[in-house]
Each structure stands twice: as structure tokens, then as C-alpha cells.
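Participant: with the sequence up front, the predicted model follows.
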There are 2 protein chains.
Amino acid sequence: MRTRPLKVALLGCGVVGSEVARIMTTHADDLAARIGAPVELAGVAVRRPSKAREGIDPALVTTDATALVKRGDLDVVVEVIGGIEPARTLITTAFEHGASVVSANKALLAQDGAALHAAAEQNGRDLYYEAAVAGAIPLIRPLRESLAGDKVNRVLGIVNGTTNFILDKMDSTGAGYQEALDEATALGYAEADPTADVEGFDAAAKAAILAGIAFHTRVRLDDVYREGMTEVTAADFASAKEMGCTIKLLAICERAADGASVTARVHPAMIPLSHPLASVRGAYNAVFVESEAAGQLMFYGPGAGGAPTASAVLGDLVAVCRNRLSGATGPGESAYAALRVSPMGDVVTRYHISLDVADKPGVLAQVATVFAEHGVSIDTVRQQGKDGEASLVVVTHRASDAALNGTVEALRKLDTVRGVASIMRVEGE
Amino acid sequence: MRTRPLKVALLGCGVVGSEVARIMTTHADDLAARIGAPVELAGVAVRRPSKAREGIDPALVTTDATALVKRGDLDVVVEVIGGIEPARTLITTAFEHGASVVSANKALLAQDGAALHAAAEQNGRDLYYEAAVAGAIPLIRPLRESLAGDKVNRVLGIVNGTTNFILDKMDSTGAGYQEALDEATALGYAEADPTADVEGFDAAAKAAILAGIAFHTRVRLDDVYREGMTEVTAADFASAKEMGCTIKLLAICERAADGASVTARVHPAMIPLSHPLASVRGAYNAVFVESEAAGQLMFYGPGAGGAPTASAVLGDLVAVCRNRLSGATGPGESAYAALRVSPMGDVVTRYHISLDVADKPGVLAQVATVFAEHGVSIDTVRQQGKDGEASLVVVTHRASDAALNGTVEALRKLDTVRGVASIMRVEGE
């Protein structure tokens, strides 16, 4: 074994960074044996240097992250700051000064993955980011290595623990959205400003990353259709139950049937209780992958948290260190397929639509005609009347999002349709 | 991209081999893009050359596998023959003649993994074998790479599809073992001679491989305690249901509480219906991994079959080819921890024991005394009497296998105990 240590700098020392530092110290011998050389924490860039950090030599702590990544003697820079800047500039600078990079930064990877990969390649360095998607769950590596000889057709996942906790709570207790969110906040599962989670921004970033890797195609954050879960109601869960379903916020990356285009989207959807994703409870994450040869695979585990995310970071750190020792680099960006990324209108799926209608003869015929005119085939209809008002629940066969939108627009114009109470996609069948 | 192709020889062209060849041909462009060079099928060693093989140039087919691996111009040899010999000699010869090896051979890896890894290392070549455990499910790579910075404490898995199909059938239909086995055979899930599957030999080989990787310790096939599932009865399933459990054939690799020793075992066990492994149906496989930082992870998918196994083989092939191009090798054997592998007697778990006893006063006291004398603490007892006979179902707290065996031996000597109807371990709590 080489005795000269590999030098690692840590950018950020919050929930994840402090766990990374702790494991690097407490498991130093194991890491050395697995890498083939010791690893040494060479510097830790933080915002508040005065904060006590157990187990970290104060002499290593600096507020000057830029100077740290410019040192020139670093083998690996671990970026766990998050956000776009200064993380982006620091990573690029690290590459230029000879370091490989391990990052947990989903927002940055989703927005600038191509440029960062290019910078890594230009400098002959590695960019690894297992921790950016679904925390501790090995997902990036299985997709880009284990399935490298297969053709992935679909990735369907619960990739945000906060929203899964809220939806699971609504499902199991009958609580409304706000009540469930309040509990998630009180328990520390939701941040004070939960927007990034509940509006699907976090999941959309992960969907962009997963779609890019799965389909060997650049998928930009803007390419991902995004719909949050703040409008999911207890009534939606009741409807889902009647269909033998539950509701999850899903990230869905799909290859179109023609094979020439792909889509990526995040939205709440009904999935059958028999689907493995339906039983993913609390803040856990799980990702279902369908590929041509392997068939259906599922990866399940904690999607966030300091220690789980640190586990993913350290797995990458070991791989990148091994590459440094052998003088090789791991797989870089793979975007050769360059498939067309289609807009949401092209997505084909099933829909569950609740309409408030007038309770009089002929309404169902009118509604059915509108569906037929837009080429959306109806699977089942359920009609419930009370006090001159009635509700009509329509479940469709597979249709494009564009056709469904056209249908709903036309339905709204019918005098007999008082309102469209909810539209929910039905997935996982 | 390099234009000179990497040369790949295929040893074996059965269910898996023919799928590997098919995908290499139909997805040649994708493979080339992902590897960075085209791959060429340079030879296919078979036993029956006269058999028609669609899509394979007859000029590539040979019965002389030894001459093929000695050619000297091969980059990778893919071994999908199975069994110990001639596979072992062919793999060693391939290394000596400069090729890296991808194998799906669990029996050989479990028996001779250390020697094969040594041969690979000595020749500066790769030995990859994702397909040897749980078919298409990425498991070897996540364990040896994704979790390389973590400390795995337990691997708990359903790694044999045949037995899971049989047990699932018994559970869902109330069928007996033989009836369920007959159906599995008729549907092609069980081989004509099902011994390797139902007696747990197949799962034990996988347990040895998984334990070795998870604990960075050599675990020999002989170190794995093995108990088949041929004696599981419909009555056992009825007992399991009463406990809110089902029965699975599990491969369990555990680090002892003291951290200094490990165990590996295969046997049928009750697991709670709430455990993710309980809902793994049919011939699917799933492996639960518990590690210090990542927490609980689960990997799920098809555990066998031509295409799924080929997917795993091809993922390895891409990785090994990339390594050839960069002049590096991937992770080799990691056995530095060299932990003690403890015998079954040291395993600590819970037990469900059914006794046939005389239906008279004082029997329960006698039985309870025997448990106490052996240091096995009782959790619950259920007594059912009929016609002078009674059954006593005891569920214990955690106790060592040795203590349980001592208890059972002493119970058998009691006049009031007519027989021990069944002993089943309770896992996953």
C-alpha cells in the first residue's frame, strides 16, 4: 500500500460535511485498505469558522474556499455546499488545479452537469455525484455502470423524502395537506420554507440527472415538466383508495414507444397499491428502473440525512481515489444518444378526472362526446348524484397529455360541467 | 473513439450466453459509444457445435475452449458455462494469456474466489461477476463500490428465485411443498433435479460471495451454514400467519455485535409481513443491506433468466472494456479485514418452536424450566389442547443457536414432550 496520503478538501461542513469528516477520521484504516493509500483531510472550507466542529483540527478550517481549491496539491475536492454559486466556480477551479470532485449538489448537476463534466474531462479528472440523487441509495452507479450494457426504458421514482412523508401521512391518517406539512415541519422532515420540496423543484433536478444518465442524452432542468403536490387533497386520496391506489409524487423519465425521444416529468400520480413503490413509507425513497434485458429493478433506501448522504459521498470518494492511484478516470458524461426531449404534451399516460356536473339526464352523454372528440378513450365512469349536483369520475385509457388538456378545456366550456374538481395521472400499471 | 475493436470470447452459449451474443450484436453501436471502442465477438466455445445459433457467425464457433482462451489477442473472456471445471482452468488460462474475465459462475466464485482473484491480480487483469448473485440486480457493484466508504453490518436476502416461487405459492394457495414444487417444475422455474435450489446450495454460494464482499473477509462455502426448505409445511405457514409473518428462504450474512466476527447462513425463516422482503413475490429476488451510515437499503429485481443475467454480464463487460482502454483495473478482492467467521452455534436470533405435548397439568412449567436452564428467554407461549394431546408454540427472545439446540435436545428427553413438530428462526425484526 502507498504510504503517502491522498489529500481531500471538504467544501461545506454542515449536516453532510461533518458526517463525511467524521467517517474519514473514525474509519481511516478501512478507507486506506479499500483505497490502497491513506486519505488525509487537507482542508475544510466553511462560512462560520468560529463554530466548534468535533473531531476536526481547527488548523484545517478556512473561510477561503477559493484558496483551498487552488492549492494545487489536492487529489479530491468534496463539495457539499449545495446551490449554484459559489459551488460551480469552486468545482471548476478545483478541476483546473488538478483535483477530482465528488459532489452531492443536485441543483448544480441538473443545471450545469454538461459543463462540469466537460471541465472534468478537459482536465483528466473525475466528477462523481451519487449523493445528488436519492441520498444513500446506489442509483447513479447502477445506472451508469451496472446497466451500461442494457437499454433503460423507464425510471419511475420517489426521490423526495419530504413529500413522501407528507403524502404517506395524508394517506394513512386522512389528514389534509397543510396538517401533514405542519407535522413534517415539526419533525424536521420539511424545511421552514418547503417550496423546493413540495413544488417539485428538488425532484425535478433529480429527474433531469436520472434521465440524462439513463438515456445517454442531455436533459436540462427546463426539459422536466414539474407539478408540485400542494393541491393534493384528502378527497384525492379517497378517490385513489376507491381505485385500489395511493398517491405519490413521482419523478418519471421515459423513452417514447418509438425509441427516438424521451420525456422527464415530476407530478403527483395515483399508483396501484400492488406496485412496489406504493409501499414506500415515510421519508424513504425508492426508484423503479425498467430496462430491456434486466426487466424491472427497484432500489430502496433513505433518500436524505447526514449519514446516508455521507455514505454515498464516501463511496464516490473511494472510487475517485482508486482512479487517482491507477491514473485512470471513471465514466464521464455519456450523451452520445442525443435523443429528442419531448414536451409534456407528448407524454402518454392514463388519467383520473373528477367533474362536478349538473344532475340531469344527458350529461354523461355530453361529457363522453367531448372525450371521444379529443381521441381520449374512457376506461370507466362513475356517477354520484346529490341535491341536483352530481360528480362524475372518469378514468381514461392511455392518451397524450395534449389530448387530455384539450378534453379538459372543452369540458370546462360545457354548461353542465360546473367545475373540474381534480385531474390526476395514473401510473405504474 | 478507438476504431480497433476490443476482442471478446464467449465460453458457453446457452440461455445466458446466447443472450449476451444477441445483445452484443443488436446493440453494438450503443456498446461502442459507452465503452469508447467497438467490441467484437472473437470466438464462441460450445459443447455442441452443430446446434444452430441465430445471429452467431458459425466460423466463430469452436469446441476447443482451451485453444480459444489461449489465443493471446483476447481482451475479455466471458464465462457462462457454470460449474467448477473446466470453467476454473479456462478462467485461469485466460488471465495467463492476457484477458480480463467476466463470469456468472456463483459456484466457482464461492469455492475458488480467492485463487481466481489472485490470478487476475497477478496478471494485471479484471475479474467481474455481477451476474453470479441475484441475476440482473446490481448488488456486487453497489457492495464493493457504492458502499466502499461505509460499514456493512448485515445482508439479508432472497437470492434464489426457484425457492421463492415455491414458498410464495405455498403461502398464497396453502399448497404443500411437493405440490408447489411440481408447479414450479411445470412452469420451468425449477430444474428436473431441484436439489441445488431447494437444499439451499445455490443460495449458500451466493451468501459466501456476498459475505466476503460485504465484510472484506474471505468466507468459504464451508463457512456457510445451510438448511434447505424441503421440510417447510403448510402448518408452518399457518403458524407464520398467526404471527403476522410469512416464510422465506433467506441468505443472511451478519457482523456479530462485537464487530470482530461474522456469520453466513441460509435457511428458511419467518419474517414479518411488514418487512420489505415479505412482499417479494414469485421468482423475484431482493436483498436488504444494513450499513452503519447508509442505513437500510434494498435491491430488488429478477434473480435469474437469460436476458436479466445477460444484462449483468454486459454491464461488467462495459466496465472491464473501459478498464482495458484506460490501462487500469477495477477493485479486486478485498479481504484485508480478515474477520473471524463464526460457526452457526454463535448465531443469535429468535425462534418459533412447535411442540407436541401431553395435555396435562405441569407440562408448561416443565417446558419453561428447560428453556430457562439453557438461558433461552421465552417471549410468548400458546397452548392448544385436543384429545389428551396438546401443542405448545413457543416464541423466544434472541438466543444463540447453540443454546437453542441444547434446549431442544433437553425438551426431546422430557416424557411429556411427544415430539418437536418444527423449529423455525424468526428474522427481520
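Facilitator: Okay, I see it. The structure presented is a predicted model; accordingly, all values stated were derived computationally and were not measured. Numbers count the residues shown, from 1 in each chain, chains lettered A, B, ... in the order given.
Participant: can you map out the strands along the stretch 151-300 of chain A?
Facilitator: A:152-158, A:224-226, A:245-255, A:261-272, A:284-291, A:295-302 (DSSP state E, counting those that start in this stretch).
Participant: now those strands as a markdown table including mean neighbour count, distance to chain B and mean pLDDT?
Facilitator: Bear in mind the C-beta positions are built from the backbone N, C-alpha and C, glycine included. Below are those laid out as a markdown table (neighbours: other CB atoms under 10 Å in any protein chain shown; distance: least, CB to the nearest CB, whole Å; pLDDT from 0 to 100):
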| stretch | mean neighbour count | distance to chain B | mean pLDDT |
| --- | --- | --- | --- |
| strand A:152-158 | 24 | 10 | 97 |
| strand A:224-226 | 22 | 24 | 98 |
| strand A:245-255 | 26 | 13 | 98 |
| strand A:261-272 | 24 | 13 | 98 |
| strand A:284-291 | 25 | 7 | 97 |
| strand A:295-302 | 23 | 4 | 96 |
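Participant: tell me the buried residues in stretch A:232-241?
Facilitator: For stretch A:232-241, the neighbour count (16 or more other CB atoms under 10 Å in any protein chain shown) marks A:232, A:234, A:236, A:237, A:239, A:240 as buried.
Participant: residues contacting stretch A:197-207, please?
Facilitator: A:106-107, A:109-111, A:132-134, A:157, A:159-160, A:162-163, A:166, A:181, A:190-191, A:195-196, A:219, A:221, A:224, A:226-230, A:249, A:251-253, A:264-267 (CB atoms under 8 Å, 6 or more residues apart in numbering or on different chains).
Participant: hang on, residue A:405 in a strand?
Facilitator: No - checked against DSSP: H, G, I helix; E, B strand; the rest coil, residue A:405 lies outside a strand; its state is helix.
Participant: apart from its chain neighbours, what residue comes closest to it?
Facilitator: Residue nearest to residue A:405 in three dimensions, not counting chain neighbours: residue A:345, with 7.3 Å by CB to CB, 6 or more residues apart in numbering or on different chains.
Participant: what's the burial count for the one you found?
Facilitator: By other CB atoms under 10 Å in any protein chain shown, 14 other residues sit near residue A:345.
Participant: mind listing what it touches?
Facilitator: For residue A:345, counting by CB under 8 Å, 6+ apart, the contacting residues are A:400, A:401, A:402, A:405.
Participant: what helices or strands is the host helix or strand of the third one leaning on?
Facilitator: Following DSSP states H and E, one finds residue A:402 within helix A:401-412. Judged by 3 or more CB pairs under 8 Å, 6 or more residues apart in numbering or on different chains; DSSP states H and E, helix A:401-412 is in contact with strand A:348-358, helix A:363-373, strand A:417-426.
Participant: helix, strand, or coil at the residue lying closest to residue A:293 once chain neighbours are set aside?
Facilitator: Distances taken as CB to CB, 6+ apart place residue B:311 nearest to residue A:293, at 3.8 Å, with adjacent residues excluded. At residue B:311 the chain is in helix, as set by three-state DSSP.
Participant: distance of the spatially closest residue to residue A:386 that is not a sequence neighbour relative to residue A:393?
Facilitator: Nearest residue to residue A:386, sequence neighbours excluded (CB to CB, 6+ apart): residue A:359, at 7.6 Å. In this view, residue A:359 and residue A:393 are 14 Å apart by CB to CB, to the nearest Å.
Participant: show me what contacts whichever residue of the stretch 1-150 of chain A sits closest to chain B?
Facilitator: Nearest residue of the stretch 1-150 of chain A to chain B (CB to the nearest CB) works out as residue A:149 at 2.3 Å. For residue A:149, the contacting residues are A:293, B:23, B:27, B:31, B:34, B:310-311, B:313-318, by CB under 8 Å, 6+ apart.
Participant: SS state for it?
Facilitator: Under three-state DSSP, residue A:149 comes out as coil.
Participant: just the CA trace of the helix or strand bottoming out on mean pLDDT in chain A, in CSV.
Facilitator: Using mean pLDDT, DSSP states H and E, strand A:378-386 stands out as the lowest-scoring helix or strand of chain A, at a mean of 87. Extracted in CSV, the C-alpha atoms of strand A:378-386 (Å, rounded to 0.1, in the frame of the first residue of the first chain):
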residue,chain,number,x,y,z
ILE,A,378,-62.7,6.2,-21.5
ASP,A,379,-62.0,3.2,-19.3
THR,A,380,-64.6,3.7,-16.5
VAL,A,381,-67.1,6.3,-15.4
ARG,A,382,-68.7,6.5,-12.0
GLN,A,383,-71.6,8.9,-11.4
GLN,A,384,-72.7,10.0,-8.0
GLY,A,385,-75.7,12.4,-7.5
LYS,A,386,-76.8,14.5,-4.6
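Participant: can you tell me the residue of the stretch 251-400 of chain A closest to chain B?
Facilitator: For the stretch 251-400 of chain A, CB to the nearest CB, closest residue to chain B: residue A:314, 2.4 Å.
Participant: excluding its backbone neighbours, what's nearest that residue?
Facilitator: Nearest non-adjacent residue to residue A:314 (CB to CB, 6+ apart): residue B:149, at 2.4 Å.
Participant: ditto for residue A:341
Facilitator: Here the residue nearest residue A:341, using CB to CB, 6+ apart, is residue A:223, at 4.4 Å.
Participant: check the gap between the residue nearest to residue A:314 and residue A:258 for me.
Facilitator: According to CB to CB, residue B:149 stands 41 Å off from residue A:258.
Participant: could you do residue A:116 as well?
Facilitator: Distance, residue A:116 to residue A:258, by CB to CB: 31 Å.
Participant: quick one, which of those two is more surrounded?
Facilitator: Neighbour count, other CB under 10 Å: between residue A:116 and residue A:258, residue A:116 has more, with 23 against 7.
Participant: helix or strand: which one has that one?
Facilitator: helix A:106-122.
Participant: ok, residues contacting that helix?
Facilitator: A:82-84, A:87-88, A:91-92, A:95-96, A:100-101, A:103, A:126-127, A:129, A:132-133, A:202, A:204-206, A:208-209, A:212, A:218, A:220-221, A:329, A:332-333, A:335.
Participant: from the residues you listed, which ones fall inside helices?
Facilitator: Of the contacts of helix A:106-122, the ones assigned to helices by DSSP state H are A:87-88, A:91-92, A:95-96, A:202, A:204-206, A:208-209, A:212.
Participant: tell me the domain ranges of chain A?
Facilitator: The domain map for chain A lists A:6-135+A:306-326, A:140-302, A:347-426, with the assignment taken from automatic domain parsing.
Participant: quick one: closest of these to residue B:38.
Facilitator: The closest of these to residue B:38 is domain A:140-302. By CB to CB, the value is 13.8 Å.
Participant: give me every residue that touches the residue nearest to residue A:100 when sequence neighbours are not counted.
Facilitator: Excluding its sequence neighbours, the residue lying closest to residue A:100 (CB to CB, 6+ apart) is residue A:126, at 4.0 Å. Residue A:126 makes contact with A:100, A:101, A:120, A:319, A:320, A:323, A:329, A:330, according to CB under 8 Å, 6+ apart.
Participant: and if we set it to 7 Å?
Facilitator: Contacts for residue A:126 were tallied using CB atoms under 7 Å, 6 or more residues apart in numbering or on different chains; they are A:100, A:120, A:320, A:323, A:329, A:330.
Participant: out of these, which is most surrounded?
Facilitator: Using other CB under 10 Å as the neighbour criterion, residue A:100 leads these with 29 neighbours.
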